[in-house]
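Participant: Pasting the sequence and the predicted coordinates here, then a few questions.
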Amino acid sequence: GQSLEQPSEVTAVEGAIVQINCTYQTSGFYGLSWYQQHDGGAPTFLSYNALDGLEETGRFSSFLSRSDSYGYLLLQELQMKDSASYFCAVRDDKIIFGKGTRLHILP
Amino acid sequence: DGGITQSPKYLFRKEGQNVTLSCEQNLNHDAMYWYRQDPGQGLRLIYYSQIVNDFQKGDIAEGYSVSREKKESFPLTVTSAQKNPTAFYLCAATYPGGTGELFFGEGSRLTVL
């Protein structure tokens, strides 16, 4: 079967750095994506890794290790507006999501 | 504006009734998806379609049906066979290759009374 594991909740302080991990077990693999979802809204795309290494997009970075079936999303200089749920997703012939990580930010 | 349009945004239905959720896109993307989201949960795949006139079951297809007669449209029917249909339904589209970025509609919230 296919599964993606990520922590259910993470808490961090405004201005700090937080890392959200994702491990996956899938029959096929083209790449790992990350999405952000605010309460009541639709998910929005943040990043994508097809190859090993780090991809940086502003305050957000995403890392992938295909040999370890592992990736993470790194959020720097946390702002209150980053309070949301974050989902990792694996793409093979379809796109499957993890259960999401709720990020709480303390002032 | 280019995007995904879902309707209705809110829907109430009585037990035993079928209901159809609309999803239309003008992004010209080949692939379309339906996900279900329950409170505090992730997105679970119901059905997906990579091309017109073809679709595949996802992880939780029981009690649901879809059609893909046009590239722009991918309606989802929630049938009376679905035991617990109250949920937030999200439709998305993507193009083959590249990042596979999913573009989502605003969602349809279905409540069964």
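Facilitator: All right, it came through fine.
Participant: burial of the residue nearest to residue A:28 when sequence neighbours are not counted, as a residue count?
Facilitator: Ranked by Cβ to Cβ, 6 or more residues apart in numbering or on different chains and with sequence neighbours excluded, the top spatial neighbour of residue A:28 is residue A:92, at 3.1 Å. C-beta: built from backbone N, CA, C; applies to glycine. Residues within reach of residue A:92, counting by other Cβ atoms under 10 Å in any protein chain shown, total 14.
Participant: With residue B:62 as the reference, measure out to residue A:92.
Facilitator: Distance of residue A:92 to residue B:62, computed by Cβ to Cβ, to the nearest Å: 22 Å.
Participant: The closest residue in space to residue A:5 that isn't next to it in sequence: helix or strand, and which one exactly?
Facilitator: In this structure, residue A:5 finds its nearest non-sequential neighbour in residue A:23, 4.9 Å apart by Cβ to Cβ, 6+ apart. Residue A:23 belongs to strand A:18-25 when assigned by DSSP states H and E.
Participant: Up against chain A, what does chain B have?
Facilitator: B:33, B:35, B:40-45, B:48, B:50, B:56, B:58-59, B:90, B:94, B:99-107 (Cβ under 8 Å from any Cβ of the partner chain).
Participant: give me that answer again for 10 Å
Facilitator: Residues of chain B lying near chain A by Cβ under 10 Å from any Cβ of the partner chain: B:4, B:6, B:31, B:33, B:35, B:37, B:40-45, B:47-48, B:50, B:56, B:58-59, B:88, B:90-92, B:94, B:97-107, B:109.
Participant: Need phi/psi at the nearest residue to residue A:94 once chain neighbours are set aside.
Facilitator: Of all residues not flanking residue A:94 in the chain, residue B:48 sits nearest, at 5.3 Å (Cβ to Cβ, 6+ apart). Backbone torsions of residue B:48, given as degrees, to the nearest 10, read phi -140, psi 160.
Participant: If I follow the layout properly, residue B:48 ends up in contact with residue A:95?
Facilitator: Yes: applying Cβ atoms under 10 Å, one finds residue B:48 in contact with residue A:95, separated by 7.8 Å.
Participant: per-residue confidence at the spatially most central residue of chain B?
Facilitator: In chain B, the centroid-proximal residue (Cα atoms, centre = their mean) is residue B:34; its distance is 3.0 Å. Here the pLDDT value assigned to residue B:34 is 98.
Participant: Who is it paired with across the strands?
Facilitator: residue B:47, residue B:91 (DSSP bridges).
Participant: can you count the residues close to residue A:28?
Facilitator: 10.
Participant: That one sits in which helix or strand?
Facilitator: Using DSSP H and E, residue A:28 falls outside every helix and strand.
Participant: pLDDT score for it?
Facilitator: At residue A:28, pLDDT is 89.
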